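Asker: next one to model:
(one chain, ligands or ions: 1)
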Amino acid sequence: MALKITVIGTGYLGATHAAAMAELGFEVLGLDVVPEKIEMLASGRVPMFEPGLEELLAKHVAGIEGSTGRLRFTTSWEEVGAFGDIHFVCVNTPQKHGEYACDMSYVDSAFASLAPVLRDGALVVGKSTVPVGSAERLAALLAERAAEGVELAWNPEFLREGFAVQDTLHPDRIVVGTASERAEKLLREVYAVPVGEGSPFVVTDFPTAELVKTSANSFLATKISFINAMAEVCEAAGGDVAKLAEAIGYDERIGSKFLRAGIGFGGGCLPKDIRAFMARAGELGVDQALTFLREIDSINMRRRGQMVEMAREALGNGSFLGTRVAVLGATFKPDSDDVRDSPALNVAGQIHLQGGQVTVYDPKGMDNARRLFPTLGYADTALDAVRGADIVLHLTEWREFRELDPAELCEVVASPVVLDGRNALDGVRWREAGWTYRAMGRPRA
Ligand code: UDX
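Answerer: Predicted structure coming up:
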């Protein structure tokens, strides 16, 4: 009989995983403790913007006309326990308030609710990003509180927002931490399609599986801060960081990806994951091994202030008071509506606090931005944001911004100065249309 799968937590990770499991042919039951989320998902609507996810839900959610009916949602732990052979735990692990450490309360409460309702022989699979050592602790909890034969495996998730569906269905690799042959066999069955298409399946122990995720994110953060450090040097020396990145990227050992200099990384993962990793290393007595991550974090945070300074300098009057600043972009990256730890909104907020009159436009992040920064100004289109502005800041690299007509914008702006915080606009085109175009880490024309 086909395996029955449950997914605990329906955020970016859980909602995507649940829909992807249904796409792979399994019967799936998704659980969330927030009834409004469940209501939305059960009617095929997605609580966030993620390309392709709504279509996938429409294809599988029970009750939607023409769907396979393989995907349902609930708030009942008993229903989840009775239904599932395999339970994927996908709840979030945010940064603790005022601390570097990771807040494990959602994971802990999911395991506490799950343990007593599990059927004998059920497999629990952790997907959340957790501090190394968590899986061992949670396995002990299951051994104590769950039915006999319940097992745990750790299967970190590497999906990127904006590519969540694609990354889940066609992962670069599948990592499974388990010592149980049965758990490995079950997960090989779950992931048979992507493995058949060539995704490597790496089996290891609990700590290594947990560490693969945090070390991968640390490496990515390091690449971005490295190129941003080079951007700082280029700014001082008159070099061009975009050319530098292109040239070092041709070296296959370095690779060209994740070397775009700008205002740095944000979002719900990289910043909090490197901080939680440092905190955990401290607990393990190996904090020295990760002190470089402190530098990665501070290079990253410094970029935001440097963008503010670049804008102040470009305005030429030493102050933002009385100036109108157009901000293109609010989300932490394009193709997402996520504004968590968004460098763009941080820059906008700093300028607002320093007296600038800021108007933000973002293709998908407006509602979330308004909730987080209600005192900023907002416009319904890029053109309206730019109208009458003394300076334009390009802070999230949406395709819509690359496709703007700089000549049209030039007609409505008060002063045609654009600062590219993402090195993503075509500077030549903007200059030809009459703009002063400046990008981070690149020479002025
Ligand atoms: C990241 C990891 O990529 C993913 O594997 C993990 O599962 C979750 O965390 P995500 O948070 O979706 O995914 O964002 P990512 O695409 O990694 O980008 C992170 C940030 O880095 C964004 O703010 C982006 O704008 C910035 N970035 C990325 C750069 O500044 N320069 C680059 O070259 C690449």
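Asker: span of stretch 138-155 from start to end?
Answerer: This stretch, stretch 138-155, spans 14 Å end to end (Cα to Cα, to the nearest Å).
Asker: repeat that for stretch 95-105.
Answerer: 11 Å.
Asker: one more: stretch 317-327?
Answerer: 19 Å.
Asker: cool, stretch 415-432 as well?
Answerer: Note: stretch 415-432 ends 15 Å apart using Cα to Cα.
Asker: again with stretch 117-135
Answerer: 19 Å.
Asker: equivalent analysis for stretch 139-157, please.
Answerer: Note: stretch 139-157 ends 19 Å apart using Cα to Cα.
Asker: check which helix or strand covers whatever residue of the stretch 1-150 of the chain ends up closest to the ligand.
Answerer: Among all residues of the stretch 1-150 of the chain, residue 129 sits closest to the ligand, at 7.5 Å; criterion: Cβ to the nearest ligand atom. Backbone N, C-alpha and C define where each C-beta goes, glycine included. Remark: residue 129 resides in no helix or strand, with elements defined by DSSP states H and E.
Asker: quick one: contacts for it?
Answerer: Residue 129 is in contact with 93, 102, 156, 157, 213, 214, 217, 269, 273, 276, counting by Cβ atoms under 8 Å, 6 or more residues apart in numbering.
Asker: repeat that for residue 416.
Answerer: Contacts of residue 416 by Cβ under 8 Å, 6+ apart are 409, 410, 433, 434, 435, 436.
Asker: how about the nearest residue to it, chain neighbours excluded?
Answerer: residue 435 (4.4 Å; Cβ to Cβ, 6 or more residues apart in numbering).
Asker: next one: residue 91
Answerer: Using Cβ to Cβ, 6+ apart, the closest residue to residue 91 is residue 9 (3.6 Å).
Asker: thought that neighbour was touching residue 87?
Answerer: No: shown here, residue 9 and residue 87 do not form a contact pair, counting by Cβ atoms under 8 Å, at 10.8 Å.
Asker: of these two, give the one with the bigger neighbour count.
Answerer: Neighbour tally, residue 9 and residue 87, criterion other Cβ atoms under 10 Å: the higher count belongs to residue 87, 29 against 26.
Asker: can you read off the pLDDT for the residue nearest to residue 91?
Answerer: Reported pLDDT at residue 9 in the predicted model: 98.
Asker: residues in contact with it?
Answerer: Contacts for residue 9 (Cβ under 8 Å, 6+ apart) come out as 31, 32, 89, 90, 91, 92, 106, 110, 128.
Asker: switch to 7 Å and redo it
Answerer: 32, 89, 90, 91, 92, 110 (Cβ atoms under 7 Å, 6 or more residues apart in numbering).
Asker: please name the nearest non-neighbouring residue to residue 26.
Answerer: That would be residue 5: by Cβ to Cβ, 6+ apart, it lies 4.7 Å from residue 26.
Asker: could you do residue 182 as well?
Answerer: residue 151 (6.8 Å).
Asker: quick one: residues contacting residue 13.
Answerer: 90, 127, 157, 159 are the contacts of residue 13 under Cβ under 7 Å, 6+ apart.
Asker: number of residues surrounding residue 121?
Answerer: So residue 121, with other Cβ under 10 Å, has 12 neighbours.
Asker: could I get the pLDDT score of the nearest residue to it once chain neighbours are set aside?
Answerer: Sequence neighbours aside, residue 149 is the residue nearest to residue 121 in space, at 4.3 Å (criterion: Cβ to Cβ, 6+ apart). Note on residue 149: pLDDT of 95.
Asker: now do the helices in the stretch 301-445 of the chain.
Answerer: 343-353, 366-372, 382-386, 399-402, 406-412, 427-432 (DSSP state H, counting those that start in this stretch).
Asker: nearest to residue 222, of these?
Answerer: Evaluated over the helices of the stretch 301-445 of the chain, closeness to residue 222 peaks at helix 343-353, with 16.9 Å, by Cβ to Cβ.
Asker: that closest one packs against which elements?
Answerer: Judged by 3 or more Cβ pairs under 7 Å, 6 or more residues apart in numbering; DSSP states H and E, the packing partners of helix 343-353 are helix 291-315, strand 324-328, strand 357-361.
Asker: how about 6 Å then?
Answerer: Judged by 3 or more Cβ pairs under 6 Å, 6 or more residues apart in numbering; DSSP states H and E, the packing partners of helix 343-353 are helix 291-315, strand 357-361.
Asker: which among those is found nearest to residue 440?
Answerer: Going by Cβ to Cβ, the one of these nearest residue 440 is helix 291-315, 7.0 Å.
Asker: report the buried residues of that closest one.
Answerer: Buried positions in helix 291-315, judged by neighbour count with 16 or more other Cβ atoms under 10 Å: 293, 296-297, 299-300, 303-304, 306-308, 310-312, 314-315.
Asker: ok, those residues vs residue 175, which is closest?
Answerer: Nearest member of those to residue 175, counting by Cβ to Cβ, is residue 293, at 21.0 Å.
Asker: who's in contact with the closest one?
Answerer: Each residue near residue 293 by Cβ atoms under 6 Å, 6 or more residues apart in numbering is listed here: 274, 278.
Asker: how close does it sit to residue 275?
Answerer: 8 Å (Cβ to Cβ, to the nearest Å).
Asker: same question, residue 260
Answerer: 22 Å.
Asker: and stretch 349-357, C-alpha only, in CSV?
Answerer: This file holds the C-alpha atoms of stretch 349-357, laid out as CSV (Å, rounded to 0.1, in the frame of the first residue of the first chain):
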residue,chain,number,x,y,z
GLY,A,349,14.1,52.4,7.7
GLN,A,350,17.5,54.0,8.5
ILE,A,351,16.9,56.8,5.9
HIS,A,352,13.5,57.4,7.3
LEU,A,353,14.8,57.7,10.8
GLN,A,354,17.4,60.2,9.6
GLY,A,355,14.6,62.4,8.3
GLY,A,356,14.3,61.3,4.6
GLN,A,357,10.9,61.1,3.1
